[in-house]
Each structure stands twice: as structure tokens, then as C-alpha cells.
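In: Any chance you can model this:
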Amino acid sequence: MSENQAGDLPERGNDGDLLQKPVDRRHALGMLVAGAVAGAQALGACVPLNGETPEQREVRVLAWREYIKGNYRFMTEAERAETITRLEELARLKRHEDVTIQSTGAQPGVVFGYAFNISKCQGFRNCIEACINENNLDRRADTQYIRIFEMSEGEVNFDLGDATFQHEVPAEGHFYLGTQCFQCANPPCTSVCPVGATWQEPDGIVVIDYDWCIGCRYCMAACPYWARRFNWSAPDVPASEINPNQHYLGNRARKNGVVEKCTFCIHRTRQGQLPSCVEACPTGARVFGNLLDPDSEIRWVLENKQVFRLKEDLKTEPRFWYFTD
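Out: Numbering: from 1, shown residues only. Sure, this is the predicted structure:
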């Protein structure tokens, strides 16, 4: 070994301190991932499969690099940009979709809140249709983030409420109450995830990294509001109905075997827009805004109306209120 080569090696003490030197866990994982990525690139470049076209090989390499990436929450900005570029390219190559995936973060001084006016909801369910289209929900399984319950006047009982009514609305002697993810300030769903695939963002939105989720469904069991959905199969959305405006933590393509949920239309609200369900409501029953803005409509409702939240005794602190005129 030359002198220069020997000089490039770490110094080893007589007691073998090279092996005993403590290594930061994240640094060690980073080195492993970097090595795996390099290996994947070498595999894709040097070992083409029999009969594989250049485009098929590109898809295989991109998919492998996506498979071994880290949790979105701990990615650097450069790593987030790389994975978004890969996902957009995979959408183009595999599904022939031209999509734009955002990674817009939470804005300072913003915590989102929602209020539902029971007096105004007439059970039309335009909100559900808008949500399905906006969030690229599975058409075959009829996945819905929002449910509208029809209940008899004078009682709030979800066991007796009907969320599958098909008759003309509004029905005499009944009222309508909508549910979805309440983006709780103290969400029980996040703490039970064994792999850290779901967490609460600074603006209050509870999100899921679909590529980190292992589908154990602990979060579904922990949620007292029935807000999460499990994909038993890959969501089926006709190409002509795909919403190309997407967010990494929101309405981008999901796979089978993972959980998904409402994100207050994170791809819209972080751009200063309203959630699609709010815009679609024909009666103005839905109110959304920044809880930290004293001039917002949501703050006016909370300060001037008699509001309540579901299952407040559980101390989940939902950021979703109900009120009447």
C-alpha cells in the first residue's frame, strides 16, 4: 500500500477504536440508503432484463429508487425535489399522466380550522363529489373522505343516522351532519403508527407519507371519527378524470395496501385556496380559514356562534366545529 493510500484510511488505535467509534443513527441510515441507491443505479445501468426496452428499464430504476427512499418528513429540500421529479416521471411513463406534484410546506402564522353549519346543510352531497374528483379517490371502491349523515330532528346518533340515503333531500323531520378528518390538535392516530408514516404539520393538517405507510391500520383503529380509509386495491381513477394538480402529502397517486385521509385539500389550501368541499357546497354550510387570523370567517363563527365538537370528552381537540344559525 502506498503512503498516500495509507494516509486516506482512518487511524486505528491499538484497541480497535475504529470499530467502537459511535455512529449517529441517521448518518448510518443515510450511508446505507446512499449505498443502496448507488447499487440500484448500477443494477439498472448494467443488468438490463431480457427483452426490456429503454423506457421499461427507466421505469424499473425510478421505481427502485422510490422504493428505497426515506421518510418525507426527514428529507432535505434537495431530496424532496428529487423524489417529486421521479414521481412525475413515473406518472408520465407508467400511466401516461402529466401531473405536477407540490411539496409546499406549512406557512408561518397559519393553523387551519373548519366549521359546519347544521342549519344550512340540506344533504345534497355536492361536497362528496367534489372531494372525490379533487383528491383522485378510487372510483371502483367508491372511496369517500366525507360522509353526510341524515338524522332525525332532535338527536345526534350516528348509529341511527343514515349515510347512504338515496331519496330526495331535504327530507322532512330530518337534518344533515357531515364528518371527515377533524385534523385534531391532539390526534390519537399519529402516536400509534409504528413507522412514523403519519404526523401533524405545523398548520394543523395531519398527513400521511403513502410510501412509508406499511398498512398496519393502527391509525384507523385509533381514530374515533372514522376518518381514515384503507386501499384494498390500487385506486382506480379514469385517465380523463385525474386531477393533475397534486401534493406529495395529499392527492397524488396512492397504491394498494396503504391508508389515506382528508388533508383539507392541502394542495389547494397551502396555495391560499379553499378546500373543494367548501367551494362546492351550494348552501354555504361549510366555513374554513386560518384560526390565527382574527379577521377570518372561522374566527367570527367561533366567537359569535354556539359551537360544539364531536366526542370532546376524548380530549382530541378537533379543529372542526359544528354550529347552527
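
In: Please identify the helix or strand for the residue lying closest to Lys311 once chain neighbours are set aside.
Out: Leaving aside its sequence neighbours, Lys311 sits nearest to Pro224 (C-beta to C-beta, 6 or more residues apart in numbering; 5.5 Å). In this view, the C-beta of every residue, glycine as well, is placed from N, C-alpha and C. Pro224 belongs to no helix or strand when assigned by DSSP states H and E.

In: phi, psi of Pro224?
Out: phi -80, psi 0 (degrees, to the nearest 10).

In: can you tell me how far it sits from Ala163?
Out: 17 Å (C-beta to C-beta, to the nearest Å).

In: Give me the more crowded residue out of these two.
Out: Ala163 (18 against 15; other C-beta atoms under 10 Å).

In: Could you measure from that one over to Tyr176?
Out: Distance, Ala163 to Tyr176, by C-beta to C-beta: 10 Å.

In: Now do the shared contacts for the two.
Out: Ile148, Phe149, Glu150 (C-beta atoms under 8 Å, 6 or more residues apart in numbering).

In: I'd like to know which of those are part of strands.
Out: When DSSP state E defines the strands, the subset of those inside them is Ile148, Phe149, Glu150.

In: all helices of this structure, in order?
Out: Per DSSP state H, the chain carries helices over the ranges 3-7, 17-20, 25-46, 54-67, 77-95, 126-134, 188-191, 218-222, 266-269, 276-280, 297-304.

In: which strands and helices sit next to the fourth one?
Out: By that I understand helix 54-67. Counting by 3 or more C-beta pairs under 8 Å, 6 or more residues apart in numbering; DSSP states H and E, the packing neighbours recorded for helix 54-67 are helix 25-46, helix 77-95.

In: Compare those helices and say which comes out lowest on pLDDT.
Out: If you rank these by mean pLDDT, helix 25-46 sits at the bottom with a mean of 55.

In: which residues in the stretch 151-300 of the chain form strands?
Out: Using DSSP state E, counting those that start in this stretch, the strands of the stretch 151-300 of the chain run over 174-179, 198-200, 206-208, 228-230, 245-247, 259-261, 286-290.

In: Please name the strands paired to the fifth one in the sheet, noting orientation.
Out: So that's strand 245-247. According to DSSP bridges, strand 245-247 forms sheet pairs with strand 100-102 (parallel).

In: Same question for the second one.
Out: Strand partners for strand 198-200, identified by DSSP bridges, are recorded as strand 206-208 (antiparallel).

In: For the strand it pairs with, which outside residues touch it?
Out: Residues from elsewhere that reach strand 206-208 (C-beta under 8 Å, 6+ apart): 181, 183-184, 187, 189-190, 197-201, 249-250, 258-261, 263, 266.

In: picking that back up, tell me if I'm right that the residue nearest to Lys311 and Leu314 touch.
Out: Yes. Taking C-beta atoms under 8 Å as the definition, Pro224 is a contact partner of Leu314 at 5.7 Å.
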